[in-house]
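[1] quick one: sequence and predicted model below, then my questions.
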Amino acid sequence: MKPSLNYTPHYALIQSSYWLTNMPILAFGPMYLYSLGLSNTAVGFFFAAANLLSILLQPMTGSLIDKETLTLRQAVFSHARLLFLLIGILYLPITSMKIGAHFLTLVLVICLQPMVNTLSIDALHSGITLDFGIARGTASLVYGISSLILGKLIGIFDTSIIPLMAFLSLSTFTFAFYLFPKTITSAENDSNSSSLSGLNRPFFLMLLATFFLFINHCILNNFLLRIVENVGGGSTQFGIALGIAAAAELPIMASFTKLQNRFGTVSLLRLSAMFFLVKSILLIFANSPTLLYVNQLLQMLTFGLYFPAAVAYVQETLPFSLRARSQALLISTITLGCVIASLLGGAVLDALHVEALLVISAIFSTLGFISILFLKEKKSPKAL
């Protein structure tokens, strides 16, 4: 019988250490690649290619986990071993090897995210008590504080500190995941819904809206450094802007379960999509770091609200036997949005200017908002 303890703090440590591994590789990745001599367009293609590869790998791994060919723990630890090796290569004095290692590190870090989400589903299925919103919100707070610190450290030293941050965070993640109680992974009486035919139209409509919204989100995040520079900031202001956005996610994520019970998941998705649009429009008119900081506070109602709502929507509408694949599809959709954002963003910045990029970003947030308006509540009788 599983322990009756609340494992939210433990799961929060797993989420936090995962995102602290993600942060230096993804959020500070452009800064690291610029230091290696890559252009805006090259960085855009770099992130696009890494994201595309991860899109192929995530559903494949999710399918292996759902079919119990591979356990979740085996998949996570295999990824971790490869990541330790790749992070070590980042210390070598050969630029081409650093670029290649960073590329593969980015792919594997992205692929870990649906596994971290799936752990919460398996835990609840196994009778282990935890609150996904609180854990994910805590991770955002830790992410925000750490991004401030890392931004200042890079300003004092240089980008060579980025691999060290990733190594320390990955070590914590691996240890925390190892100590987490083992979960039940069998779908029991859910075998008839183990194919992709179990996915429904509302789910795919949610994915379409997610795709548009995260083109917007990833444009603003992947090229945040250039946006900060456009309003007169530098690496320190970049770290502050990143930290404010991450820290703003905690209150809304921590209270997500209560909001979900009161308003419903679809209503929260619609509200969040509206604020994606509001945030992107206001950002067009930001002309100083201070206004940019204020705009970053809206992160609580964009990503901070949308992500846990999307994860919850997957759990509500799809059966347990599709848990890993459906989470992988959700993250793959987000990742595909980032592919488009990387390709489009880098090209627009090189050909035009930041203002044009912000207008294009607002257009995609509009498409996402319109798409989510058609979403209706629909729960599977076999949902978790």
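    That came through fine.
[2] any idea which helix or strand carries G337?
    Using DSSP states H and E, G337 sits within helix 323-351.
[3] tell me the buried residues in whatever helix or strand comes next after that helix?
    Moving toward the C-terminus from helix 323-351, the next helix or strand (DSSP H and E) is helix 354-372. Within helix 354-372, the residues scored as buried using 16 or more other Cβ atoms under 10 Å are 354, 357-358, 360-362, 364-369, 371-372. All C-beta spots, glycine's among them, are computed from the backbone N, C-alpha and C.
[4] tell me the one of those residues nearest F223?
    Here the nearest of the buried residues of helix 354-372 to F223, counting by Cβ to Cβ, is L357; it sits at 6.6 Å.
[5] could you pull up the contacting residues of the closest one?
    I219, F223, R226, I227, G345, V348, L349 (Cβ atoms under 8 Å, 6 or more residues apart in numbering).
[6] helices and strands of this structure: which one has the lowest mean pLDDT?
    Least confident element among the helices and strands of the chain, by mean pLDDT, DSSP states H and E: helix 235-254 (a mean of 80).
[7] and the helix or strand just after that one, what other elements does it pack with?
    Next helix or strand after helix 235-254 toward the C-terminus (DSSP H and E): helix 256-263. Identification of packing neighbours for helix 256-263 by 3 or more Cβ pairs under 8 Å, 6 or more residues apart in numbering; DSSP states H and E yields helix 132-156, helix 265-284, helix 303-317.
[8] can you give the contact residues for helix 256-263?
    Under the criterion Cβ under 8 Å, 6+ apart, residues D131, F132, G133, I134, G137, I252, L268, L271, L305, P308, A309, A312 lie in contact with helix 256-263.
[9] quick one, what contacts the fifth one?
    I take that to be G137. E249, L250, P251, I252, M253, A254, F256, G304.
[10] make CSV out of the residues you listed and add neighbour count and distance to F28.
    CSV is the format used below for the contacts of G137 (neighbours: other Cβ atoms under 10 Å; distance: Cβ to Cβ, whole Å):
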residue, neighbour count, distance to F28
E249, 26, 18
L250, 22, 21
P251, 14, 25
I252, 24, 24
M253, 27, 22
A254, 20, 26
F256, 25, 27
G304, 28, 20
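[11] columns distance to G100 on top of these, output as TSV?
    Shown next, in TSV, are the contacts of G137 (distance: Cβ to Cβ, whole Å):
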residue	distance to G100
E249	32
L250	36
P251	40
I252	38
M253	35
A254	39
F256	39
G304	34
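[12] which residues does the residue lying closest to I149 once chain neighbours are set aside contact?
    What sits nearest to I149 in space, not counting adjacent residues and going by Cβ to Cβ, 6 or more residues apart in numbering, is G239, at 7.7 Å. By Cβ under 8 Å, 6+ apart, G239 lies in contact with S147, L148, I149, L150, G151, K152, I154, G155.
[13] for F214, see how far away the closest residue to the second one other than its chain neighbours is.
    If you skip the residues right next to it in sequence, L148 has G243 as its closest partner in space, 3.9 Å away by Cβ to Cβ, 6+ apart. Counting by Cβ to Cβ, to the nearest Å, the separation of G243 from F214 is 21 Å.
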